[in-house]
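[1] sequence first, predicted model second:
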Amino acid sequence: MTYPESIRLAGGLPVPVQTDESTGFRATVEQLEAARTPRTKVLLFASPKNPTGTVYRRQEVDAIGRWAADNDLWVVTDEIYQLLVYGDVEFTSIVARVPELAERSVVINGVSKTYSMTGWRVGWMVGPTDVIAAATNLQSHATSNVDNVAQAAALAGLHGPMASAEEMRAAFDRRRKRMVELLSAIPGVSCVEPHGAFYAFPSFEGALGKELGPRRPQSTVELAEVILEEARVAVVPGEAFGAPGYMRLSYALGDDDLEEGLNRIAKLLG
C-alpha cells in the first residue's frame, strides 16, 4: 500500500482501521471513533477500494462524512474507481453528501482505471486553493509535470464518448461474477463478492497448511510463492495490504486467461 508510506514520509502516523469479510470489508463509525485520538488530523477514505472491491453504501458514507465533519477532520477521498461499480450498487462521493467537508477535503482521481490509461500517469486533486497550491509546489520539485501528450489524451478520454468505457465495465462485471464463482468452488477458499474496482479479495485461510508438492505453506505469502512456482499464476498475498490470510486477484484480463488461471489454482489446491 502506498498511502501509509506517503503519510510516514510527511511525518504522520498512519492508523489502520482493520476490517474483514464479516462486514464486507466496510469500516463503521464506531471503529473509526475507537481509532481516533486528539492527534488525529485526517481521514483517508476510499470507495470503491483496492484491494477488496468494497463500495460503501450511501447511508454509510453519510454517517462517516458527518463523523468527520463533527470532529473537524480533514478528508482525503480516493475516487479513482468511481465509475467501476456493479449490480445495484452506486458510487457515492463523501464530499457531495456532506458539503460542509468541502473546505477540509481533497478529492483524488485520474484516468488510470475507468479509461484504461494506467501508463499515461495522469491524475488530479480537487481541494482548497491553498492546499492545491502547496501540493503543486511539492510535486513540481518531486516529479516535474505531466507531459503535453498525456494531458491531451486524458482530456480526450474525459470529454469523449463513454461507450468504450461502459463496454469495458460490462466485461469487468461478467469476469467479476465468474471469478467469484470459480474461487468459491476451490476447497478452503471463500470470497466476498466485490462490487467495485476490478479485484477480488478471497480468504485462503482454509487452504493453508496443505501439502502442495514439496511444501506446506503456512502463510499466504508462502502460498502465493507456491501458486506462482507450481501453477504459474501471479497473485498478491494479503500481507501486502495488512490482511494476512487473503489474496488479491485481478479480473482486469481476458476471459480465457481468467478461466485458465483460476482452473490452475483449483487444480493445485483441489
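    Cool, the structure landed. Numbers count the residues shown, from 1 in each chain.
[2] list the buried ones in the longest helix seen in the chain?
    Counting residues, the longest helix found in the chain (DSSP state H) is helix 163-184. Under the neighbour-count criterion of 16 or more other Cβ atoms under 10 Å, helix 163-184 has 165, 168-169, 172-173, 175-176, 179-180, 182-183 buried. Yep, even glycine has a C-beta here, placed from its N, CA and C like the rest.
[3] elements contacting that helix?
    Where contact means 3 or more Cβ pairs under 8 Å, 6 or more residues apart in numbering; DSSP states H and E, helix 163-184 is packed against strand 199-200, helix 255-269.
[4] sheet partners, orientation included, of the first one?
    Right, strand 199-200. Strand 199-200 has the following sheet partners, assigned by DSSP bridges: strand 247-250 (antiparallel).
[5] from the chain's centre, how far out does the partner strand sit?
    11 Å (Cα atoms, centre = their mean, to the nearest Å).
[6] swap in stretch 228-235?
    22 Å.
[7] only alpha carbons, please: show it as PDB.
    Extracted in PDB, the C-alpha atoms of stretch 228-235 (Å, rounded to 0.1, in the frame of the first residue of the first chain):
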ATOM      1  CA  LEU A 228       3.500 -18.900  -8.800                       C
ATOM      2  CA  GLU A 229       6.000 -21.700  -9.000                       C
ATOM      3  CA  GLU A 230       3.600 -24.600  -9.400                       C
ATOM      4  CA  ALA A 231       0.600 -23.100 -11.300                       C
ATOM      5  CA  ARG A 232       2.400 -20.200 -12.900                       C
ATOM      6  CA  VAL A 233      -0.300 -17.700 -11.700                       C
ATOM      7  CA  ALA A 234       0.700 -14.400 -10.000                       C
ATOM      8  CA  VAL A 235      -1.500 -13.300  -7.100                       C
END
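[8] so where's the stretch 151-270 of the chain uncertain?
    Across the stretch 151-270 of the chain, nothing is flagged by pLDDT under 70.
[9] go again using 90 as the cut-off
    Within the stretch 151-270 of the chain, the stretches with pLDDT under 90 are 213-214, 270.
[10] show me where the stretch 51-200 of the chain has its helices.
    58-70, 94-97, 129-142, 148-159, 163-184 (DSSP state H, counting those that start in this stretch).
[11] hmm, back to that, could I get the helices and strands packed on helix 163-184 as a markdown table with distance to Pro38 and mean neighbour count?
    Shown next, in a markdown table, are the helices and strands packed on helix 163-184 (distance: least, Cβ to Cβ, whole Å; neighbours: other Cβ atoms under 10 Å):
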| stretch | distance to Pro38 | mean neighbour count |
| --- | --- | --- |
| strand 199-200 | 35 | 24 |
| helix 255-269 | 47 | 16 |
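[12] with distance to Asp130 added, can I get the ones you listed in CSV?
    Converted to CSV, those look like this (distance: least, Cβ to Cβ, whole Å):
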stretch, distance to Asp130
strand 199-200, 35
helix 255-269, 46
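[13] looking at the ones you listed, which is closest to Ile227?
    Checking the helices and strands packed on helix 163-184 against Ile227 by Cβ to Cβ gives helix 255-269 as the closest, at 6.0 Å.
[14] for Ala207, find the nearest of the helices and strands packed on helix 163-184.
    That would be helix 255-269 among the helices and strands packed on helix 163-184, by Cβ to Cβ, at 5.2 Å.
[15] how far does the closest one sit from its chain's centre?
    23 Å.
[16] dump that helix to PDB, keeping only the CA atoms.
    C-alpha atoms of helix 255-269 as PDB (Å, rounded to 0.1, in the frame of the first residue of the first chain):
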ATOM      1  CA  ASP A 255     -11.900 -14.200 -20.100                       C
ATOM      2  CA  ASP A 256      -9.900 -17.100 -21.300                       C
ATOM      3  CA  ASP A 257      -6.900 -16.100 -19.200                       C
ATOM      4  CA  LEU A 258      -9.100 -15.700 -16.100                       C
ATOM      5  CA  GLU A 259     -10.500 -19.200 -16.600                       C
ATOM      6  CA  GLU A 260      -7.100 -20.700 -17.200                       C
ATOM      7  CA  GLY A 261      -5.500 -19.100 -14.200                       C
ATOM      8  CA  LEU A 262      -8.300 -20.000 -11.700                       C
ATOM      9  CA  ASN A 263      -8.500 -23.500 -13.000                       C
ATOM     10  CA  ARG A 264      -4.800 -23.900 -12.400                       C
ATOM     11  CA  ILE A 265      -5.100 -22.700  -8.900                       C
ATOM     12  CA  ALA A 266      -8.100 -25.000  -8.300                       C
ATOM     13  CA  LYS A 267      -6.200 -28.000  -9.700                       C
ATOM     14  CA  LEU A 268      -3.200 -27.200  -7.400                       C
ATOM     15  CA  LEU A 269      -5.400 -26.800  -4.300                       C
END
